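Enquirer: Using only what follows, build the 3D model:
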Amino acid sequence: MAAVMLNSKNQTKKKKNEQTDEKEKEKQGKQENKQERGCKSTDRQVYFIGGGLASLAGAAYLIRDCHMEGKRIHILEGMSVLGGSNDGAGDVNNGFVCRGGRMLNEETYENFWELFKDIPSLDMPNKSVTEEILNFDHLHPTYAQARLIDKDGKILDVKSMGFNTADRIALFKLMRTREEDLDGMTIEEWFKDTPHFFETNFWYMWQTTFAFQKWSSLFELRRYMNRMIFEFSRIETLEGVTRTPYNQYESVILPLKVYLSEHDVDFSIQATVTDIDFKDGEKITATAIHLDKNGKEEVISLQEKDLCIMTNGCMTDCATLGDRNTAPKYCPENPISGNLWAKVAKKKQGLGNPEPFFNHPDETNWESFTVTMKGNKFLKMIEKFSGNIPGSGALMTLKDSNWLMSIVVAAQPHFKNQPMDTTIFWGYGLYTDRIGNYVKKPMRECTGEELFIELIHHLHMEAEQEEILDSVVNVIPCMMPYIDAQFQPRAMSDRPKVVPKG
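Expert: Just a heads-up that it's a prediction; the model follows:
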């Protein structure tokens, strides 16, 4: 009898659970239908300000998840090309250039892989971008054997992080401290009682992997250590880095752009948004977008149902290029995205504060350079020195360089239009105002060739300098005044919520 009663109770409980589940499904279905109706509303338009990865991904989500028609999605970009900081361009005659590079990671970039599993590869039929990248990465694993190099050209043993007890205690306390208690603090302030931290192998490797400075935001360091925890134990080899087959414009941005174009998304390039109007009152409701389109002023009026999504700040604002014989200009004045952010932040509360990010270019700049060469002589020399074939190594940091220069050699070719007899590599320096060890000029005042000469001397390859330089097509330096802006010390409120209150 007890068994029957127990079974009866279980049946009753099961029916109640099923009824509850049905109600939840019905409720969820209504919410999804409501959301879908909102997205499918034929008169709703969505405007993305900025044509970087965030906007392109947002458009893809609207198409894939909200079933929105692409023709009602508009992307406004001030430059002549989409992709934001994920760039890559050039040709064999003028040389190739990447301003920078993004470090992907298979374990922690879940959202990236999830989105790009639905973006078709341009080179592998019936494969996604996610499959293409991971397939390439698994065939070209990273295991750096020359992570730090000293002034004598010797590869340092970096198996040990180099921490002492005080360093470990300070790191442990940092990871245990609430982010809210770290407002405005710099990394240097936290480690003031253990300056030895900045001489450890760990700091040199972590700093140059992500481009941190001593004066960078402490809670950004904490965030990166939490987010990139898998890299902590393998920072000396960077074996967790996930490589793209080509530069990140061609491997990431281009297939995403093609996907959006096939869904009729509206792209407006060379269309710089200069201001946004808002409805009176406390709520944040945009009513008009002002833009300069190819030198002509235009105004886009927004209806009540429309959405306006803005990228507030671009790390490659005011970037300038040089060449083999010309230094790039250092022009931090008037960052376009920073100016727009400042305008809207003055109009409405809750839109953050751009001042910490865009008012300190002497703290936020660094300079990269891309070298294009005929033949593979120099890359063979690097391979012999480092023990890594192109694409199998990672950042090689010249620890005693006044500029803290690092280079990396990707698998060749790195560009789809790169001929087989042409090779490229990329490098950067963090301290552009300092005099070089060999070229007695600040980095930011050097031509592309002078940057390469400084590198050759650090590697103690000057005996073959003339032959190396004879093979150079171009060395394109890129000065970026705000490339480290995201790491500036700030208050939590300075960076607004993704969806601001109101």
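Enquirer: Can you show me the helices along the stretch 101-250 of the chain?
Expert: Using DSSP state H, counting those that start in this stretch, the helices of the stretch 101-250 of the chain run over 110-116, 129-139, 165-176, 187-190, 201-210, 218-227, 229-232, 248.
Enquirer: Can I get the longest one as CSV, trimmed to CA atoms?
Expert: Coordinates of the C-alpha atoms in helix 165-176 are reproduced here as CSV (Å, rounded to 0.1, in the frame of the first residue of the first chain):
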residue,chain,number,x,y,z
THR,A,165,57.5,35.2,-1.8
ALA,A,166,56.4,38.9,-1.7
ASP,A,167,55.4,38.8,-5.4
ARG,A,168,53.3,35.7,-4.8
ILE,A,169,51.6,37.2,-1.8
ALA,A,170,50.8,40.5,-3.7
LEU,A,171,49.4,38.5,-6.6
PHE,A,172,47.3,36.3,-4.3
LYS,A,173,45.9,39.4,-2.5
LEU,A,174,45.1,41.0,-5.9
MET,A,175,43.0,38.0,-7.0
ARG,A,176,41.2,38.0,-3.7
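Enquirer: now for that helix, which elements pack on it?
Expert: helix 218-227 (3 or more Cβ pairs under 8 Å, 6 or more residues apart in numbering; DSSP states H and E). Any C-beta I mention is one placed from the backbone N, CA and C, and that applies to glycine too.
Enquirer: Show me which residues of the helix it packs on are buried.
Expert: 218, 219, 220, 221, 222, 224 (16 or more other Cβ atoms under 10 Å).
Enquirer: How much space separates the first one from residue 488?
Expert: If I follow you right, that is residue 218. 11 Å (Cβ to Cβ, to the nearest Å).
Enquirer: repeat for the third one
Expert: Per Cβ to Cβ, residue 220 is found 8 Å from residue 488.
Enquirer: With adjacent residues omitted, what lies nearest to the spatially most central residue of the chain?
Expert: Nearest residue to the geometric centre of the chain (Cα atoms, centre = their mean): residue 102, 4.7 Å. In space, and not counting its chain neighbours, residue 102 is closest to residue 248: 5.7 Å by Cβ to Cβ, 6 or more residues apart in numbering.
Enquirer: my guess is that neighbour contacts residue 89, does it?
Expert: No: judged on Cβ atoms under 8 Å, residue 248 makes no contact with residue 89 at a distance of 11.7 Å.
Enquirer: ranges for the strands of the stretch 51-200 of the chain?
Expert: Assigned by DSSP state E, counting those that start in this stretch, the stretch 51-200 of the chain shows strands spanning 73-76, 89-91, 95-97, 104-105, 148-149.
Enquirer: now for those, which one comes closest to residue 156?
Expert: strand 148-149 (4.3 Å; Cβ to Cβ).
Enquirer: what residue ranges in the chain score low on pLDDT?
Expert: 1-42 (pLDDT under 70).
Enquirer: Where do the domain boundaries of it fall?
Expert: Residue ranges for each domain of the chain read 29-85+247-311, 99-145+241-246+366-480, 159-232, as given by automatic domain parsing.
Enquirer: Name the stretch among these that sits most buried.
Expert: Greatest average neighbour count among those goes to domain 99-145+241-246+366-480 (a mean of 19), per mean count of other Cβ atoms under 10 Å.
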